[in-house]
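Asker: Requesting a structural model of the entry that follows:
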Amino acid sequence: MSPHPLESLRYVARSWEIGDEPPVPEMAAILAQLAEESPSTLLQACRRLIEYFPASGPVWWLCARALSAPDPVGEIWEAADELAQDPTPRRLAEALPAGAMVAVPRPAGAVAAALRRRPEVIVVGKPARASIVVLRALAAAPGRLLVTGRLAALAGRPGAAEIWVTVELGTLLPELLWAQLWARAPASRVGALRAEDVAACVSPAGKMPPAGVMLWTDILPPT
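Answerer: Purely as a prediction, here's the structure:
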């Protein structure tokens, strides 16, 4: 007998840690199954996901789309497809200067995919040796970037490398969702970056100054 989808959610969540990428495709499949078989449990499932992944912008984004759509099943699969086709890795690969010394403290998601596209970029193990340090935003709102706590300390050091932050599809949230995420995110494990500490953001729209995130509103989830 197949496990109940809510039990599957618990199973998916067990191996996740703050800073790692939540397995959004697996979660989308579970949510779609719930929405189809037992629509009344969809809200409960989304609450569980937010409890498991309180600092993940894409999880909030996915749940917002699922709960606000007239056709939750179709909306969930559409969101999952959009995430799978996120152009951020390509945008980052295009933006990295040839021969740059790049440090990637947690080489996952868009960052890892971008580096595979640009083998000539030099990846160094220590941020102190790099000209660019690429971080991945866990969540973002206009003018605000949330990253893993220990990585936030890399910003603002005199003479340090430029900090670039990837803001992948689903990461940027409207103010209402950001406020709820910020209230639930474990303060001891996350940190907020100031715009002045970041040299550039890379989103599906390409490389831009941090203030540009405030203008990137075409793919915000519904409020």
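Asker: ok, and the helix or strand in this protein with the lowest average confidence?
Answerer: Taking mean pLDDT, DSSP states H and E as the measure, the helix or strand of the chain with the lowest value is helix 5-13, at a mean of 69.
Asker: Show the subsequent helix or strand relative to that helix.
Answerer: helix 24-37 (DSSP states H and E).
Asker: ok, residues contacting the very next helix or strand once past that following helix?
Answerer: With elements assigned by DSSP H and E, the helix or strand that comes after helix 24-37 is helix 42-52. Counting contacts by CB atoms under 8 Å, 6 or more residues apart in numbering, the residues outside helix 42-52 that touch it are 5-6, 9-10, 13, 16, 22, 27, 30-31, 34-35, 59-60, 62-63, 66-67, 72, 184. Where you see a C-beta, it was placed from the backbone N, CA and C, and this is true even at glycine.
Asker: if you average pLDDT over helix 42-52, what comes out?
Answerer: What helix 42-52 shows for mean pLDDT is 88.
Asker: Now do it against helix 24-37: the angle between them, please.
Answerer: Interaxial angle of helix 42-52 relative to helix 24-37 (axes from the mean of the first three to the mean of the last three CA atoms, to 10 degrees): 160 degrees.
Asker: and helix 42-52, C-alpha only, in CSV?
Answerer: Taking Å, rounded to 0.1, in the frame of the first residue of the first chain, the C-alpha atoms of helix 42-52 are listed here in CSV:
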residue,chain,number,x,y,z
LEU,A,42,-4.4,20.6,0.7
LEU,A,43,-4.4,23.5,3.2
GLN,A,44,-3.2,21.1,5.9
ALA,A,45,-0.4,19.8,3.6
CYS,A,46,0.7,23.4,2.7
ARG,A,47,0.8,24.2,6.4
ARG,A,48,3.0,21.1,7.0
LEU,A,49,5.4,22.2,4.2
ILE,A,50,5.8,25.6,5.7
GLU,A,51,6.5,24.1,9.1
TYR,A,52,9.1,21.9,7.6
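Asker: In the next helix or strand after it, which residues are buried?
Answerer: Going down the chain from helix 42-52, the next helix or strand is helix 57-68, by DSSP H and E. Buried residues in helix 57-68, defined by neighbour count with 16 or more other CB atoms under 10 Å: 57-67.
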